[in-house]
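J.: need a 3D model of the sequence below.
(chains A and B)
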Amino acid sequence: MTDSSLDATDPRTLPGFFAALADGTLLGGVCADCEQVLLPPRPACYACGSRAVTVEPQSREGRIFSYTAVHTPPPAFAADAPYTVAVVELADGGRLLGRVDADYADVSIGDSVELTVREPTAPEREAALDYETDWPVHVFEQQ
Amino acid sequence: MESGYVHMPEPVIASVGASPLGHTDLPGRDLFSLALAEAFDELPAPADLVEAMYVGNQSESYEHQIMYGTLLAEWAGLRHVPAERVEGCAAAGALALRHAVKDVRNGEHEAVLACGVEKMTAAGTSGATDALSAAFDRAIEQRSGVTAPSQYALLAQRYLHETDATERDLAEIAVKNHANAANNPRAQFPEEIDVATVLESDPVAPPLKLFDCAPVGDGAAAVLVTTPDLAADLDRPQVRVAGSGASANSIAVAERDMTEIAGARVAAERAYEEAGIDAGAVDIVEVHDAFTVCEALLAEAAGFAPAGTGYQSYLPPAERATGWTDVQLSPSGGLKARGHPIGATGLLQALEAYEQLTGTAGDRTITDAETALLLNEGGVADAVTVSHVLTTAEAR
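T.: Predicted structure coming up:
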């Protein structure tokens, strides 16, 4: 697989990444040289500059690394506020930001969570660009 | 001292100006006209001096206006000069300054205007929230509904977890910056506040509250960068631009070390290296305190404080932890209280340093200051950082 063959089915592109995610598979780039995990996958490793990046399924389980609650949302998410967001450290080493399906007061650093995937809501589709309309939304659920 | 630039002119700042800051009834181009009028108050017309122009500007969503290079060159009466908008979210202003510095340093121009403008109040709070969210990764971060305060809250939550800092310490940083702004006639909020005001203010993104956040506001700033000879011919007080550094870091917060702000460290170290100094030589720093936690993180990244102690920036130097330098942080009042009109902010930092180092800072003058560091960030924290070392003309 070379960069010049990238098309929308390639998981190193966003359409390819989200197509796999819609099927429940979280794909990450993994650097063959330094083992850095890149979420979502991309052609080059930001840690070391290598272009030897493979694409591998990632564990959907992880722990809360940091978290907060959004009280002043962008217009598209106004109806949801306040909502909890977190940076989650996944079991395979990558980190990913996402919503958490829990109240802020019930979340702590270190909590176990699992990534789940749902279809976008009507307001989310409204706010989406044309090519994003069917991309799934990931949400972390507490274990 | 060996230097790669011994045959190059060393750029200086020869003049500065700014518009009023805050909620104004003027569009961006008119705010720029006010900043320009102050900067050229005792100078020939811009058309008789300026050879190129850079405009820091965050977003076209406030005024539905791009082509800000062309527009402001026209409003300045600069016919057929190279002029362009520079974009790097809140670092746009210092990126414009850096381009001007490089043009003078490499001998291409003798006088370049670096300016910045933002009309943030045009779209209300939700419009500003939406415009600023464009600085985040679209695929994951924006679609998860994060905002600027919540991104920084993720950093703050982690910082409070890893260090001895408390929400009260972060509040004290805001109190200190408001106290500094009380002596700054340019400040958007020149009022002193107390810790309770911060701690009891509305939650925005816990642990950050309203008074941890820099305000939305309008503003413009203009900085004239010239050769030393031209500044002398113009009989202007000069401040040397002794070093400039810039560094991008990954756009997504999740992929960074969230408490060791590596991109800012690299940008600061590059500026120190060009200037031939280390952090201990810096008397004043204007840091990018878009949120209180930024000041703590940047104090560590720039080498002023040992890891985990940057939150002590509000304390007098003698009361800070061992290993801290004596640097004074954000005498202007910082973004928190001086104001943060995004594209103009990096140039407002340069303006403060110019006034401090030329003895025109009035009641907020830091006595005997010779060296200033500017740290301007764009995106969340160090997604991009631009750093400049400014010194007095005598500090050579």
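
J.: could you count how many residues lie near B:Asn57?
T.: B:Asn57 is surrounded by 30 other residues when neighbours are defined as other Cβ atoms under 10 Å in any protein chain shown. Yep, even glycine has a C-beta here, placed from its N, CA and C like the rest.

J.: ok, now how distant is the closest residue to it other than its chain neighbours from chain A?
T.: Closest residue in space to B:Asn57, ignoring its immediate chain neighbours: B:Gly343 at 4.1 Å, by Cβ to Cβ, 6 or more residues apart in numbering or on different chains. Counting by Cβ to the nearest Cβ, to the nearest Å, the gap between B:Gly343 and chain A amounts to 20 Å.

J.: so for the nearest residue to B:Ser133 once chain neighbours are set aside, what's the pLDDT?
T.: When the adjacent residues along the chain are set aside, B:Ser133 lies closest to A:Pro74, with 5.2 Å between them (Cβ to Cβ, 6+ apart). Taken from the predicted model, the pLDDT recorded for A:Pro74 is 90.

J.: what of the one 4 residues further on?
T.: A:Ala78 carries a pLDDT score of 91 in this model.

J.: right, and the secondary structure at it would be what?
T.: Look at A:Ala78: counting by DSSP: H, G, I helix; E, B strand; the rest coil, its state is helix.

J.: which residues does it contact?
T.: A:Ala78 sits next to B:Ser126 when contact means Cβ atoms under 8 Å, 6 or more residues apart in numbering or on different chains.

J.: please tell me how far it sits from A:Cys45.
T.: Per Cβ to Cβ, to the nearest Å, A:Ala78 is found 38 Å from A:Cys45.

J.: please apply the same query to A:Asp80.
T.: Taken as Cβ to Cβ, the span from A:Asp80 to A:Cys45 is 35 Å.

J.: can you list the domain ranges for the chain.
T.: All of this refers to chain A. A:1-58, A:59-143 (automatic domain parsing).

J.: wrong one, I was asking about chain B
T.: Per the record's domain assignment (automatic domain parsing), chain B is made up of the domains B:12-123+B:217-239, B:145-213+B:240-395.

J.: turn those domains into TSV, including mean pLDDT.
T.: Conversion of the domains of chain B to TSV gives the following (pLDDT from 0 to 100):
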stretch	mean pLDDT
domain B:12-123+B:217-239	98
domain B:145-213+B:240-395	97
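
J.: next one: phi and psi at the residue nearest the centre of chain A?
T.: Computing the C-alpha centroid of chain A and ranking residues by Cα atoms, centre = their mean puts A:Leu96 first, at 5.2 Å. Here is the backbone geometry of A:Leu96 (degrees, to the nearest 10): phi -140, psi 140.

J.: show me what it is bridged to.
T.: For A:Leu96, the beta-bridge partners under DSSP bridges are A:Val88.

J.: likewise B:Cys115?
T.: Beta bridges link B:Cys115 to B:Val55, B:Ala222 when assigned by DSSP bridges.

J.: and it, how far from chain A?
T.: If you measure B:Cys115 against chain A using Cβ to the nearest Cβ, the figure is 29 Å.

J.: could you do B:Asp41 as well?
T.: Relative to chain A, and taking Cβ to the nearest Cβ, B:Asp41 is found at 40 Å.

J.: isn't there a strand covering that residue?
T.: No: remark: B:Asp41 does not belong to a strand; assigned using three-state DSSP, it is coil.

J.: the residue nearest to it when sequence neighbours are not counted - how many residues pack around it?
T.: Setting aside the residues directly before and after it, B:Asp41 is nearest to B:Gly17 in space (Cβ to Cβ, 6+ apart), at 7.4 Å. When neighbours are defined as other Cβ under 10 Å, B:Gly17 has 21 of them.

J.: name the SS class of B:Gly17, please.
T.: strand.

J.: residue contacts, it?
T.: Going by Cβ under 8 Å, 6+ apart, B:Gly17 touches B:34-41, B:221-222, B:351.

J.: what is the nearest of those to chain A?
T.: The closest of those to chain A turns out to be B:Ala221 (Cβ to the nearest Cβ; 26.8 Å).

J.: correct me, but that closest one touches B:Ser15?
T.: No: at 11.6 Å, B:Ala221 and B:Ser15 do not qualify as touching, with contact defined as Cβ atoms under 8 Å.

J.: so the two - more neighbours on which side?
T.: Neighbour totals were compared for B:Ala221 and B:Ser15, and B:Ala221 leads with 35 against 25 (other Cβ under 10 Å).

J.: the helix or strand harbouring B:Val293 close to chain A?
T.: Using DSSP states H and E, B:Val293 sits within helix B:292-301. No: contact of helix B:292-301 with chain A (Cβ under 8 Å from any Cβ of the partner chain) is absent, the minimum separation being 11.5 Å.

J.: find the nearest non-adjacent residue to B:Val380, please.
T.: Nearest in space to B:Val380, with sequence neighbours left out and distances taken as Cβ to Cβ, 6+ apart, is B:Gln151 at 4.3 Å.

J.: beyond the helix or strand hosting the one you found, next helix or strand please.
T.: With elements delineated by DSSP H and E, B:Gln151 resides in helix B:148-162, which encompasses its position. Sequence order places helix B:167-181 as the next helix or strand after helix B:148-162, per DSSP H and E.

J.: so who does B:Glu141 touch?
T.: Counting by Cβ under 8 Å, 6+ apart, B:Glu141 touches A:97, B:151, B:251-253.

J.: ok, and the most crowded of the residues you listed?
T.: B:Gln151 (30 neighbours).
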